[in-house]
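Q: heads up, no residue letters with this:
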């Protein structure tokens, strides 16, 4: 029985530390004070609710110490890069576009060939 109480206490302390050190924009559904209140008054239920509902689980953030000023600023490193545009054309449309490009390249090559032949012909036929 003392082991279970110790385990419950450890989970509550970990949940409290996690809730206290999170920035406000990393907490969901309730304010930080309300989550701390729930964790202290209802240790098991509050801790489980904190880890399942209240905590933002984005793994893209770097670890910061408690005194790091970046922890308390709401500014991000910069705007997120724009997503790459998706090609919404069907395969048939893509193939038709490719064939058009091939025809245009062949016509351009023919024009270059004829111009070169005309420039090299001294009689100007």
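A: Okay, I see it. Here the structure is a predicted model, which is why all the values come from computation and not from measurement.
Q: pLDDT weak spots in this protein?
A: 58-80, 123-125 (pLDDT under 70).
Q: Helices along that one, start to end?
A: With DSSP state H as the definition, the chain shows helices at residue ranges 2-21, 32-41, 43-49, 69-72, 91-120.
Q: Looking at the ones you listed, which is nearest to residue 56?
A: helix 2-21 (10.9 Å; C-beta to C-beta). (Each C-beta comes from the backbone N, C-alpha and C, glycine too.)
Q: Check which residues of that closest one are buried.
A: Going by neighbour count (16 or more other C-beta atoms under 10 Å), the buried part of helix 2-21 is 11-12, 15-16, 18-19.
Q: which one of those is nearest residue 28?
A: Using C-beta to C-beta, these come closest to residue 28 at residue 19, 11.5 Å.
Q: for that closest one, what are its contacts?
A: 27, 32, 35-36, 39, 50, 54-55 (C-beta atoms under 8 Å, 6 or more residues apart in numbering).
Q: The helices of the chain into CSV, with extra columns for distance to residue 81?
A: Shown next, in CSV, are those (distance: least, C-beta to C-beta, whole Å):
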stretch, distance to residue 81
helix 2-21, 28
helix 32-41, 30
helix 43-49, 35
helix 69-72, 20
helix 91-120, 25
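Q: thinking again about what came up before, which of the contacts of residue 19 count as buried?
A: Among these, those classed as buried by 16+ other C-beta under 10 Å are 27, 35-36, 39, 50, 54-55.
Q: picking that back up, which of the contacts of residue 19 lies closest to residue 93?
A: Out of the contacts of residue 19, the member with the shortest distance to residue 93 (by C-beta to C-beta) is residue 55, at 45.1 Å.
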